[in-house]
Structures are given as C-alpha cells and as structure tokens.
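Participant: Make a model of this:
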Amino acid sequence: MPFDAAYLFSGVILTCDRVLQEKDGTISAIRLFDLLRVPQLPIQVEVRAVILLKATAPSGHHLFEMSAEHPDGSVKKVTAIDDPLYIDFASKTALGSKPGAQIVMELGIAVPAEGTYILRALIDGVEAARTSITLQLQPSPQSGGPR
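Facilitator: From the prediction side, this is the model:
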C-alpha cells in the first residue's frame with residue numbers, strides 16, 4: 001500500500017558534522033548546522049543527515065529517498081545509496097513505542113551556486129520531512145571581505 005502522509009506523526013531531518021550510533025540504537029547528531037561556507041563554486045558537498053520518522057503507516061515496505069531543491073528550482077536526487085532503501089513502519093525502533101524509522105546517511109550534493117537548498121525526505125514519493133541548508137561562498141583573505 002502506498003504511503004499516505006496522514007499516517008505521519010513527525011518527520012525531522014538534522015544536518016550535522018558527525019553522527020554517533022550506540023549499541024542500544026541511540027543516535028547522537030554532533031554539530032548541527034543549517035549554514036555552510038564553501039571555499040569555491042561549483043563544489044560537491046558531503047552532508048551527514050539524521051532522518052527521524054514516526055508513523056502508523058500500513059505495514060509493508062515503503063521506498064525512502066532524499067532530494068535537494070536547488071536555488072534555481074531544479075530538484076536532484078541526493079540519496080547516497082546504491083540499492084533502494086525500503087522502510088517498514090510496522091516494526092518498533094529505539095524512537096519509542098510508536099513504529100518509526102531512524103536513518104543515518106551521507107549525502108552528496110552538487111552545489112553550483114550560492115543560496116538555500118531544500119532537502120526533502122520522501123516515502124513512496126510523498127514528502128515526509130524537509131529542512132534547508134544555506135550555502136555561501138567563503139571570502140578569501142585576499143579579498144578584504146569579512147573573516
């Protein structure tokens with residue numbers, strides 16, 4: 001059965017520098033950010049993301065994907081996995097008593113220009129969570145700009 005957003009309790013995407021995963025399933029996101037300064041453009045940016053989803057979706061496998069909307073409005077797939085990732089909301093996780101999913105990913109985002117990029121978590125093509133990252137060009141020390 002396709003995913004219906006009405007089943008979603010909450011969906012969160014955290015972008016961070018590092019992720020710790022404990023043996024008991026606990027996840028710690030280290031150095032959260034929503035602004036990145038890059039030395040040059042274009043550039044490929046590697047972002048760690050923690051996606052937390054809680055839902056009462058019907059059991060069965062649901063396709064999980066990530067996409068990024070660029071400042072020019074174009075949308076690119078950024079899921080950094082070779083095989084499709086399927087999640088099943090019928091099983092319980094370390095999130096608590098409600099069924100859900102905890103997904104830790106490294107995302108590769110091609111950044112052609114400065115601006116705000118919208119990251120979206122999609123389940124069966126339906127948006128389940130979103131966040132934004134603003135990318136700015138880091139001024140060089142020779143340019144006399146702010147440091």
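
Participant: Could you look up the next helix or strand downstream of the helix or strand of the chain with the lowest mean pLDDT?
Facilitator: Least confident element among the helices and strands of the chain, by mean pLDDT, DSSP states H and E: strand 92-93 (a mean of 54). As assigned by DSSP states H and E, the chain's next helix or strand after strand 92-93 is strand 96-111.

Participant: Do a quick rundown of the strands in the chain.
Facilitator: 8-21, 27-32, 35-38, 43-55, 62-69, 75-77, 85-87, 92-93, 96-111, 115-123, 126-137 (DSSP state E).

Participant: Give me the contact list for the first one.
Facilitator: Read that as strand 8-21. By CB atoms under 8 Å, 6 or more residues apart in numbering, the surrounding residues in contact with strand 8-21 are 27-34, 47-57, 98, 100, 104, 119, 121, 128-131, 133. Placement of C-beta: from N, CA and C, glycine included.

Participant: Kindly write the PyMOL command that selects the buried subset of those.
Facilitator: Of the contacts of strand 8-21, the buried ones can be selected in PyMOL as follows, counting by 16 or more other CB atoms under 10 Å:
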select buried, resi 27+29+47+48+49+50+51+52+53+54+55+57+100+119+121+128+129+131+133
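
Participant: Specify the beta-bridge partners of Ile103.
Facilitator: Taking DSSP bridges as the rule, Ile103 bridges to Ile51.

Participant: same question, Arg18
Facilitator: With DSSP bridges as the rule, Arg18 is bridged to Ile30.
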